[in-house]
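Enquirer: Provide a 3D model corresponding to the input given below.
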Amino acid sequence: MTEQNTQNRWIVVVGALIVQVSLGAVYIWSVFQTPLKAVFPTWSEAQVTYPSQIVLAAFALAVIIGGRIQDKLGPRIVGITGGALLGLGLILAKFTQLFASSPDTALIWLILTFSVIGGIGIGFGYVCPIATCVKWFPDKRGLITGLAVAGFGAGAFFFAPLAKALISGGYYELMTIKLFSLPAIGVFNTFLTLGIIFLIAVVLGSSILKNPPAGYCPPGWTPPKPSTAGPTKVDYSPTEMLATPVFWILWLTYFAGCAAGLQIIMKASPIWQSFAIPLISERPIPADIFNKILTQGAMAVSLIAIFNAVGRIFWGKVSDNIGRKSTLFIMFIICGIAMLLLNSLKIYPLYILGVGTVGLCFGGYLALYPAVIADFYGTKNMGVNYGWMFTAYGAGGLAGPYLAAVLMKSAEKIPYLTNEGAKEIALGSYSTAFLVCGIACLVAGGLILTVQPPKAK
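Expert: Here you go, the predicted structure:
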């Protein structure tokens, strides 16, 4: 293998990061939630949560389809198609405003465009960098899967404050640093703007992706010898993989981790609002104070994104050193404890510490499970095989935000002031949802200790 090919594998990582940063903006939904409820005040907490749930489900199912196609045709064409669909979905979501007089129709349109079309685009784009990078880096599988998906976790860091600034106007801030001022274009034109940005970025990044030559091994690296503990199979087909009991144990644990992580990520801003707003005694809440709370909520989304991205690289590297099983066990225990304590962390720095810890562990799940699938089932069918495992993410994306919305105990409606006049925000307690997901993570930690590589019959 030539030095040029060795260098090319890092160029592929650059393309992967460009794609993933853009796709990761799916995690900024909580920034849109309050502005959308201001336009459609009849939407319930559950209704305004539906688009965030369905986009994650569509995303997960599309990973299976996109994975199978990219296993046959390569990552470039599938990634470009994903970028086009994501951009189209967000651009079409802009026209939700046409149904302002019919809230139910508006919700259906938003789900069809943002959630279904956009979610399919995310799934097609997401699977390509992971499957490609795993094939280029058999010597650093945990680290590289973490790096390949780190951009996905980091996307919200850049795009949550951008979306917030575009919706209501004001400075684009990163870590409280005011970089430049943006005009208020409203929530629907923000969908349009982001759609154009993501379309260009994902198509550009995907054009760099390519698979390595057949039988590629990095210079100086020798593949590890198969275990002598029993017969193993190198590459499993999807049917063979689904027939192994260990797959379903892994699926359940992945589901638990994703339900907890996505509950926090997709609800970070309203959760903080439910903590902070009751502490304000003045009624109605002045516009500047309310806007500060919204800014803190958007910043929480950005900070979670940092923890999320760091967790993907950090835990991936740790797993290369101490093993996947031990690393996953540690992560599930930490995540479960953080979820159980979260409702008591109502001071902003403590809140960030709590949700950041969940984000750190969640990022690790997204890094380790692709590596586990490659370890257990081979890389030949990596795209589609991980697609099946990734349905646990989609199920967690439905369950986590759903639990937060349905189990929220409504407390009161509090008036606040805006430039358009007085409005109301409904607050409640998410403590029961935190409890359910926290216990699920602790149980998953116990289950992961039972996992063993499948044995060929």
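Enquirer: would you map the helices across the stretch 151-300 of the chain?
Expert: Under the criterion DSSP state H, counting those that start in this stretch, helices of the stretch 151-300 of the chain are mapped to 186-206, 238-242, 245-276, 287-322.
Enquirer: run the chain-centre distance for the last one.
Expert: This means helix 287-322. Computed by C-alpha atoms, centre = their mean, to the nearest Å, the separation of helix 287-322 from the middle of its chain amounts to 11 Å.
Enquirer: who does that helix touch, helix- and strand-wise?
Expert: Other elements packing on helix 287-322 under the criterion 3 or more C-beta pairs under 8 Å, 6 or more residues apart in numbering; DSSP states H and E are helix 29-39, helix 141-168, strand 170-174, helix 245-276, helix 324-341, helix 348-377, strand 409-418. Quick note: C-beta positions are derived from backbone N, CA and C, even for glycine.
Enquirer: tabulate those (JSON lines), appending mean neighbour count, mean pLDDT and distance to Arg283.
Expert: Shown next, in JSON lines, are those (neighbours: other C-beta atoms under 10 Å; pLDDT from 0 to 100; distance: least, C-beta to C-beta, whole Å):
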{"stretch": "helix 29-39", "mean neighbour count": "22", "mean pLDDT": "87", "distance to Arg283": "18"}
{"stretch": "helix 141-168", "mean neighbour count": "26", "mean pLDDT": "80", "distance to Arg283": "21"}
{"stretch": "strand 170-174", "mean neighbour count": "17", "mean pLDDT": "84", "distance to Arg283": "24"}
{"stretch": "helix 245-276", "mean neighbour count": "24", "mean pLDDT": "91", "distance to Arg283": "15"}
{"stretch": "helix 324-341", "mean neighbour count": "21", "mean pLDDT": "96", "distance to Arg283": "30"}
{"stretch": "helix 348-377", "mean neighbour count": "24", "mean pLDDT": "92", "distance to Arg283": "21"}
{"stretch": "strand 409-418", "mean neighbour count": "14", "mean pLDDT": "73", "distance to Arg283": "6"}
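Enquirer: will you turn these into a markdown table that also has distance to Ile304?
Expert: Rendered in a markdown table, the data for the helices and strands packed on helix 287-322 read as follows (distance: least, C-beta to C-beta, whole Å):
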| stretch | distance to Ile304 |
| --- | --- |
| helix 29-39 | 10 |
| helix 141-168 | 7 |
| strand 170-174 | 14 |
| helix 245-276 | 6 |
| helix 324-341 | 12 |
| helix 348-377 | 4 |
| strand 409-418 | 24 |
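Enquirer: which stretch among the ones you listed comes nearest Trp315?
Expert: helix 348-377 (3.1 Å; C-beta to C-beta).
Enquirer: what angle do helix 324-341 and the closest one make with each other?
Expert: Counting by axes from the mean of the first three to the mean of the last three C-alpha atoms, to 10 degrees, helix 348-377 lies at 150 degrees to helix 324-341.
Enquirer: helix 348-377 vs helix 245-276, what angle?
Expert: Going by the same axes, to 10 degrees, helix 348-377 makes 170 degrees with helix 245-276.
Enquirer: and the next element down the chain from helix 348-377?
Expert: helix 382-406 (DSSP states H and E).
Enquirer: which other helices and strands contact that following helix?
Expert: The helices and strands touching helix 382-406, judged by 3+ C-beta pairs under 8 Å, 6+ apart, are helix 45-73, helix 118-136, helix 238-242, helix 245-276, helix 348-377, helix 431-448.
Enquirer: for the residue nearest to Trp272 when sequence neighbours are not counted, give its distance to Ala160.
Expert: With C-beta to C-beta, 6 or more residues apart in numbering as the criterion, Trp272 has its nearest non-adjacent residue at 4.6 Å, and that residue is Gly297. The spacing between Gly297 and Ala160, counted by C-beta to C-beta, to the nearest Å, is 9 Å.
Enquirer: joint contacts of these two?
Expert: Counting by C-beta atoms under 8 Å, 6 or more residues apart in numbering, the contacts common to Gly297 and Ala160 are Val31.
Enquirer: ok, now how distant is the closest residue to Phe198 other than its chain neighbours from Val12?
Expert: Distances taken as C-beta to C-beta, 6+ apart place Ser22 nearest to Phe198, at 4.6 Å, with adjacent residues excluded. Distance from Ser22 to Val12, counting by C-beta to C-beta: 17 Å.
Enquirer: also Gly74?
Expert: Applying C-beta to C-beta, the value for Gly74 to Val12 is 12 Å.
Enquirer: got it, and Ser281?
Expert: 55 Å.
Enquirer: between the two, which one's more packed in?
Expert: Taking neighbours as other C-beta atoms under 10 Å, Ser281 and Val12 compare with Val12 leading, 23 against 6.
Enquirer: in which helix or strand does the more buried one reside?
Expert: Assigned by DSSP H and E, Val12 falls within helix 3-23.
Enquirer: check which helices and strands that helix sits against.
Expert: Counting contacts by 3+ C-beta pairs under 8 Å, 6+ apart, helix 3-23 is packed against helix 75-93, helix 118-136, helix 141-168, helix 186-206.
Enquirer: indicate which one of these is closest to Thr42.
Expert: Proximity to Thr42, assessed across the helices and strands packed on helix 3-23 by C-beta to C-beta, is greatest for helix 186-206 (16.3 Å).
Enquirer: next, the contact list for Leu90, please.
Expert: Shown in contact with Leu90 (C-beta under 8 Å, 6+ apart): 113-114, 118, 191-192, 194-195, 198.
Enquirer: thinking again about what came up before, so for Gln97, which of the helices and strands packed on helix 287-322 sits nearest?
Expert: Gln97 lies closest, by C-beta to C-beta, to one member of those: helix 29-39, at 7.7 Å.
Enquirer: where in the stretch 1-150 of the chain is pLDDT low?
Expert: 1-7 (pLDDT under 70).
Enquirer: tell me, how many neighbours does the closest residue to Ser274 other than its chain neighbours end up with?
Expert: In space, and not counting its chain neighbours, Ser274 is closest to Leu427: 4.9 Å by C-beta to C-beta, 6+ apart. Here the number of neighbours of Leu427 (other C-beta under 10 Å) works out to 18.
Enquirer: is Leu427 in a helix, a strand, or coil?
Expert: Of the three states, Leu427 takes strand according to DSSP: H, G, I helix; E, B strand; the rest coil.
Enquirer: wait, what's in contact with the residue lying closest to Ala260 once chain neighbours are set aside?
Expert: Distances taken as C-beta to C-beta, 6+ apart place Cys437 nearest to Ala260, at 3.9 Å, with adjacent residues excluded. Taking C-beta under 8 Å, 6+ apart, we find Cys437 in contact with 256, 259-260, 263, 339, 400, 403.
Enquirer: this completes my enquiry, with thanks.
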